[in-house]
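Colleague: Sequence and predicted structure, then a few things I'm wondering about:
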Amino acid sequence: MSYKIIVSRYNENIEWLEKEYENCIIYNKGIPLNINNEIILNNVGKESETYLNYIIKNYNNLPDVIVFTQARISDHRGSDDINYLINLKNEALINDKSNVTTIHSQYQGNEWWWEPEWNLRDGEYYLKNNYKNNNYITFIDWFKKNINSEYPNPIHIYANGIFAIKKELIIMNSKNYYKKLRLQINHHIDPAEGHFFERSWYYIFNSHIKKN
């Protein structure tokens, strides 16, 4: 069984990855580290563009399981623990994909953050200057246009864009599909659409409707 850990880095410390470094590819959008396994990318699209870049470049030679992660998971997971990523990999090996967070309509946390039109509040768009071609669009409309014509409720997400998945689910979509998706986020350092992807990865790889 082969696997890779795809790391989306800006200028974060990656020493915590040392135990698995030989299985990592560090996609760097910040100051070069000048190390092995490092690939320099333009600083656009945040981690979503990084993940898509990897899929597109390696579509015909993907390992059995791919772990996608940011370079500092302590922002979301309490600590930078390589074992968390290994557990995601092992789970995907058994179940084809790592577990997701399910957001129900009665979600009791910051509820508006998970609404279908969460990025439009009181007539103002979130990151209003960061939309592709200045095309303001709600998340639900973007999702229906680019991911799946049926919007789910509840919605399943890979929280914080950190997840693992088997190759078989990735190649259910064509390479061209991923190229089209990359065009949604390679226009800005912090595109609004990048936040849409966190809410969409599960359906990109698991949707019964495939846009090839």
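Modeller: Arrived safely.

Colleague: And for Asp141, the neighbour number?
Modeller: 14 (other Cβ atoms under 10 Å). (Glycine included, C-beta is placed from N, CA and C.)

Colleague: buried sites along the helix or strand of the chain with the lowest mean pLDDT?
Modeller: Within the chain, no helix or strand scores below helix 74-77, which has a mean of 85 by mean pLDDT, DSSP states H and E. For helix 74-77, burial by neighbour count (16 or more other Cβ atoms under 10 Å) applies to Arg77.

Colleague: cool, stretch 8-23 as well?
Modeller: Neighbour count says stretch 8-23 has Ser8, Arg9, Glu12, Ile14, Trp16, Leu17, Glu20, Tyr21, Asn23 buried, by 16+ other Cβ under 10 Å.

Colleague: out of these, who's nearest Ser79?
Modeller: Trp16 (8.3 Å; Cβ to Cβ).

Colleague: How confident was the prediction at the closest one?
Modeller: pLDDT for Trp16: 97.

Colleague: Equivalent analysis for Trp114, please.
Modeller: Confidence score, pLDDT, at Trp114: 83.

Colleague: One more: Lys128?
Modeller: Reading off the model, Lys128 has pLDDT 93.

Colleague: In contact with it, which residues?
Modeller: Tyr136, Ala192 (Cβ atoms under 8 Å, 6 or more residues apart in numbering).

Colleague: any chance you could read off phi and psi for it?
Modeller: phi -60, psi -20 (degrees, to the nearest 10).

Colleague: For this structure, which segments count as strands?
Modeller: Along the chain, counting by DSSP state E, strands occupy 3-9, 24-28, 38-40, 65-70, 101-103, 120-121, 124-125, 155-157, 163-166.

Colleague: Compare those and say which comes out lowest on pLDDT.
Modeller: Across the strands of the chain, the lowest-scoring stretch is strand 101-103, with a mean of 88.

Colleague: Give me the contact list for the least confident helix or strand of the chain.
Modeller: Gln70, Asp80, Tyr84, Ala159, Asn160, Ile162.

Colleague: Relative to Thr69, how far out is Asp81?
Modeller: 11 Å (Cβ to Cβ, to the nearest Å).

Colleague: out of the two, which sits in the busier spot?
Modeller: Thr69 (26 against 13).

Colleague: residue contacts, Leu33?
Modeller: Counted by Cβ under 8 Å, 6+ apart, Leu33 has contacts Ile14, Ile26.

Colleague: Can you read off the pLDDT for the closest residue to Asn99 other than its chain neighbours?
Modeller: Leaving out its chain neighbours, the residue that sits closest to Asn99 by Cβ to Cβ, 6 or more residues apart in numbering is Glu91, at 6.3 Å. Looking at Glu91, its pLDDT stands at 97.
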